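Chemist: Sequence and predicted structure, then a few things I'm wondering about:
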Amino acid sequence: MGEAPAFIADDDVSNGLLLKSKGCETINNMGCNRTFAIGAMGNGSDSSIGVRILDKSASEWVIPTVFGTKPALSKGHSAIVLDEDRILVIKGNATSDDCFWFLEVNTAFVREHRARLGTEVVAWSKGVVGEAQIPVVISGPSGVGKGTLIAKLMEDFPMMFGFSVSHTTRAPRNNEQNGVHYHFTERDVMEKDIQDGKFLEFAAVHGNLYGTSVESVEMVTDQGKRCILDIDVQGARSVRASSLEAIFVFIRPPSFEQLEKRLRARGTETEEQIQKRLRNAKAEIDQGTSPGLFDHCLINDDLEICYENLKKLLGLSDGSGKATNLSVPETVHVPLEHTISKIDKKILINCTTPQQEKPANNMFVLDLSSIKGGAPGRTRGLIFYAAGPSMTGTNGFKMAS
Ligand SMILES: Nc1ncnc2c1ncn2[C@@H]1O[C@H](COP(=O)(O)OP(=O)(O)OP(=O)(O)O)[C@@H](O)[C@H]1O
Ligand SMILES: Nc1nc2c(ncn2[C@@H]2O[C@H](COP(=O)(O)O)[C@@H](O)[C@H]2O)c(=O)[nH]1
């Protein structure tokens, strides 16, 4: 079987792999009628699902700038227009951890980049099934103990938390490994990636460039873990302004003298760098402790007390010890042959073929009423369940081992 043909998604929704329908008023927010063609674009060089936009007023096909991780091409996919901002694409012959994709055509993120670039823009965001908890942003001046606290969390709750590995242009310290502590990067490469929209946030910190790539956060989310970001106050402000919903925690030192002592004792910076970091710390503490940006402020005086307080605000200190209570949703296989329809925020996925005897067992519901996030990054909070009496032994869907 060849690749799926591109199909046309307008605002009126029909079922099936080939979608063709009338009018596109509801996805027309740019003063012109638009029709989206989604699928293999025929040049053979791209292994991901492509997008073309028909500007009906000019009768012209436009190749948009595409942000976000694109879904790999599959043998077939269905699609449905959810609202004026996004189209749901369901890959066939894929498992539920990789089959739900959102093509954003008019979200705030898309509008921002469209205005910046002056071109058509769309963005992909992969849908993640399950109750993924919102990321935790930890900020505070250099040397306050952010890394130490995060290391303790990761050690005690390895199944629950994943660290977002930042990019930086600073040189690695002796004990630091590329890809583990940071992605150490050349400035020109990082600047180009920033231009290309690969970063959720970035900032110049203590004379170097630091940034959180969309991919770093996605990698953690895809493991079903809660993402922890260790970023400076400027970065926290950018994340606050982005579509990434998070909990923001500021760590402050018991005193400026203690902070200086810790930075010196760590022994990783030159005297000049220490002075620079201490100068910046004053402004960071001012901003971090003023109202509005952070949800919580913890003083890291005694490490163990601060760690207990951090666990408490993350809902982890119930005395149960090393919790591993992650509820990882079951993975379900969505067959190539399926049709979809929409009732309010629920998508009905029907995998019944005419030969099958028990149609109820092959109906699934994708509930989008609690979705969060979106590009840049994953769309979380999808609820996926069998509409029929049982998910086991179904034709069409099979449980992944
Ligand atoms: N409560 C504490 N009391 C005493 N020393 C501490 C405490 N917390 C952390 N430290 C020590 O302070 C030093 C700085 O800690 P850490 O490297 O975790 O800071 P950081 O906030 O991550 O710094 P940076 O932003 O520069 O990465 C380390 O040597 C660490 O062992
Ligand atoms: N805005 C961002 N700040 C970041 C990121 N990664 C780290 N940081 C902050 O930089 C300073 C210095 O870190 P160091 O490792 O050189 O000591 C510290 O405050 C970090 O929180 C990032 O991706 N974005």
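Modeler: Sure thing, it's come through. Residues are numbered from 1 along each chain as shown. Ligands and ions are numbered 1, 2, ... in the order given.

Chemist: how about the helices in the stretch 1-150 of the chain?
Modeler: Along the stretch 1-150 of the chain, counting by DSSP state H, counting those that start in this stretch, helices occupy 108-117, 146-156.

Chemist: lowest-confidence stretch among those helices?
Modeler: Among the helices of the stretch 1-150 of the chain, helix 108-117 has the lowest mean pLDDT, at a mean of 93.

Chemist: Please identify the buried residues of that one?
Modeler: For helix 108-117, burial by neighbour count (16 or more other Cβ atoms under 10 Å) applies to 109-111, 113-114. Every C-beta, even on glycine, is put in place using the N, C-alpha and C of the backbone.

Chemist: Ok, which of the helices of the stretch 1-150 of the chain comes nearest S341?
Modeler: With Cβ to Cβ as the criterion, S341 lies closest to helix 108-117 of the helices of the stretch 1-150 of the chain, at 25.6 Å.

Chemist: For the closest one, output the C-alpha coordinates as CSV.
Modeler: Extracted C-alpha coordinates of helix 108-117, given in CSV (Å, rounded to 0.1, in the frame of the first residue of the first chain):
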residue,chain,number,x,y,z
ALA,A,108,-1.9,32.4,19.7
PHE,A,109,1.4,30.7,19.0
VAL,A,110,0.7,30.4,15.3
ARG,A,111,-0.6,34.0,15.1
GLU,A,112,2.5,35.3,16.9
HIS,A,113,4.8,33.6,14.4
ARG,A,114,2.6,34.5,11.4
ALA,A,115,2.9,38.2,12.4
ARG,A,116,6.6,37.9,13.0
LEU,A,117,7.4,36.1,9.7
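
Chemist: Check which helices and strands that helix sits against.
Modeler: Judged by 3 or more Cβ pairs under 8 Å, 6 or more residues apart in numbering; DSSP states H and E, the packing partners of helix 108-117 are strand 65-67, strand 121-129.

Chemist: can you list the residues of the stretch 201-350 of the chain near ligand 1?
Modeler: Within the stretch 201-350 of the chain, the positions adjacent to ligand 1 are 262, 265-266, 300, 303 by Cβ under 6 Å from any ligand atom.

Chemist: Among those, which one has the most neighbours?
Modeler: Using other Cβ atoms under 10 Å as the neighbour test, these are led by N300, with 23 neighbours.

Chemist: pLDDT at R380, what is it?
Modeler: The model reports R380 with a pLDDT of 88.

Chemist: who's in contact with it?
Modeler: Shown in contact with R380 (Cβ atoms under 8 Å, 6 or more residues apart in numbering): 127-128, 130, 132, 221, 371-373.

Chemist: Would you write a PyMOL line that selects the buried entries of those residues?
Modeler: Only the buried members of the contacts of R380 end up in this PyMOL selection, burial being decided by 16+ other Cβ under 10 Å:
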select buried, resi 127+128+130+132+221+371+373
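
Chemist: quick one: which of the contacts of R380 is nearest R240?
Modeler: Each of the contacts of R380 was checked against R240 using Cβ to Cβ; the closest is G373, at 14.2 Å.

Chemist: Mind listing residues that contact stretch 277-296?
Modeler: By Cβ under 8 Å, 6+ apart, stretch 277-296 touches 139-143, 205-206, 232-233, 236-237, 240, 247-250, 252-253, 256, 259-260, 263, 269, 297, 313.

Chemist: Give me the buried entries from those residues.
Modeler: By neighbour count, with 16+ other Cβ under 10 Å, these hold 139-143, 205, 232-233, 236-237, 240, 247-250, 252-253, 259-260, 263, 269 as buried.

Chemist: wait, does whichever helix in the chain runs longest make contact with ligand 2?
Modeler: Counting residues, the longest helix found in the chain (DSSP state H) is helix 271-289. No: residues of helix 271-289 are not located near ligand 2 by Cβ under 6 Å from any ligand atom, the shortest gap being 7.6 Å.

Chemist: quick one: buried residues of that helix?
Modeler: Buried residues in helix 271-289, defined by neighbour count with 16+ other Cβ under 10 Å: 274, 277-278, 280-281, 284-285, 287-288.

Chemist: How about stretch 365-383?
Modeler: By 16+ other Cβ under 10 Å, the buried positions in stretch 365-383 come out as 366, 368, 371, 373-383.

Chemist: So in this protein, where's the weakest helix or strand by average pLDDT?
Modeler: Taking mean pLDDT, DSSP states H and E as the measure, the chain has strand 7-9 as its least confident helix or strand, at a mean of 51.

Chemist: and the angle from the helix or strand where R380 lies to strand 121-129?
Modeler: Counting by DSSP states H and E, the element that carries R380 is strand 379-386. Counting by axes from the mean of the first three to the mean of the last three Cα atoms, to 10 degrees, strand 379-386 lies at 50 degrees to strand 121-129.

Chemist: What strands line up against strand 379-386, and which way round?
Modeler: strand 121-129 (parallel), strand 363-367 (antiparallel), strand 372-373 (antiparallel) (DSSP bridges).

Chemist: Could you tell me the least trusted of the ones you listed?
Modeler: Lowest mean pLDDT of those: strand 372-373, a mean of 86.

Chemist: Contacts for that strand, please.
Modeler: With contacts defined as Cβ under 8 Å, 6+ apart, strand 372-373 is touched by 125, 134, 243-245, 379-381.
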